[in-house]
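**Student:** Sequence and computational prediction follow.
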Amino acid sequence: MSIASPSIGASLPHAAALSPAQLADLADRFAERRGLWLPHVRYQSPDRYYTRLELSQTYEVWLLTWLPGQGTEIHGHGGSNGAFTVIRGELTERTFPPTSYPVHPTPRRLRADEVRAFGPRHVHQVTNEATAPAVSVHAYSPPLATMSYYRQLPDGRLMTERIDGVAE
């Protein structure tokens, strides 16, 4: 789904991938424009709800909703830079640095109006561990083509489970 003009990202360059800082700014600008995302907020079970808000050759922006207990698998973004901002509620992120050594990540809580930006090798898991629903806006550049999913072994190392293509 793509929201019609005027595009929030219209002033951004459309040639090279946007940096994590540019994506954080883009996610914040979408979050500030309640009229763009509020009509799309809905909650569903068992999986979280998501919809694409905007797509260009350089970036894409998604809205995600999270009921308590919903979350992602451990995943990477196929080499894209990314950023997300929490609009409502609270999300917990666990980050897995690129290493072959065991990792036991410390949870990081992100509350409303907090933004998280990351580079192309970022691997994480995001969950709503709170008691209230959450809403977030996510931006990626270049647009997602694949996502990698991982399983954490008992010793803390990550093992690639699968790589999925991203469909609209």
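**Tutor:** All right, it came through fine.
**Student:** contacts and neighbour counts: CA atoms only from here.
**Tutor:** Fine.
**Student:** Where do the helices of the protein begin and end?
**Tutor:** 20-32, 34-37 (DSSP state H).
**Student:** Could you list every helix and strand in contact with the longest one?
**Tutor:** Pointing back at helix 20-32 there. Here helix 20-32 touches helix 34-37, strand 81-88, strand 115-118, strand 134-141, going by 3 or more CA pairs under 8 Å, 6 or more residues apart in numbering; DSSP states H and E.
**Student:** looking at those, which is closest to residue 64?
**Tutor:** strand 134-141 (5.3 Å; CA to CA).
**Student:** Buried by neighbour count: which residues of stretch 123-132 qualify?
**Tutor:** Counting neighbours by 16 or more other CA atoms under 10 Å, one finds that the buried residues in stretch 123-132 are 123-130.
**Student:** Let me fix that, I meant to ask about stretch 19-39.
**Tutor:** 19-28, 30-31, 37.
**Student:** Name the surrounding residues that touch that stretch.
**Tutor:** Applying CA atoms under 8 Å, 6 or more residues apart in numbering, the external contacts of stretch 19-39 come out as 3, 8-9, 53, 61, 63, 81-85, 87, 115-119, 137-141.
**Student:** Need the buried ones from those residues selected in PyMOL.
**Tutor:** Listed next is the PyMOL selection for buried residues among the contacts of stretch 19-39, using 16+ other CA under 10 Å:
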select buried, resi 8+9+53+61+63+81+82+83+84+85+87+115+116+117+118+119+137+138+139+140+141
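**Student:** And the residue nearest the centre of the chain, how close does it get to residue 55?
**Tutor:** Of all residues in the chain, the one closest to the mean position by CA atoms, centre = their mean is residue 138, 4.3 Å from it. As judged by CA to CA, to the nearest Å, residue 138 and residue 55 stand 12 Å apart.
**Student:** and for the two, which residues touch both?
**Tutor:** Counting by CA under 8 Å, 6+ apart, the residues touching both residue 138 and residue 55 are residue 61.
**Student:** need the helix or strand of this structure with the lowest average pLDDT.
**Tutor:** The weakest-scoring helix or strand in the chain, judged by mean pLDDT, DSSP states H and E, is strand 158-165 (a mean of 91).
**Student:** Would you mind writing the CA trace of that one as PDB?
**Tutor:** Extracted C-alpha coordinates of strand 158-165, given in PDB (Å, rounded to 0.1, in the frame of the first residue of the first chain):
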ATOM      1  CA  LEU A 158      23.100 -17.700  15.900                       C
ATOM      2  CA  MET A 159      22.300 -20.100  13.100                       C
ATOM      3  CA  THR A 160      20.600 -19.000   9.900                       C
ATOM      4  CA  GLU A 161      17.200 -20.600   9.600                       C
ATOM      5  CA  ARG A 162      16.000 -19.100   6.300                       C
ATOM      6  CA  ILE A 163      16.200 -16.200   3.900                       C
ATOM      7  CA  ASP A 164      12.800 -14.900   2.600                       C
ATOM      8  CA  GLY A 165      12.000 -12.600  -0.200                       C
END
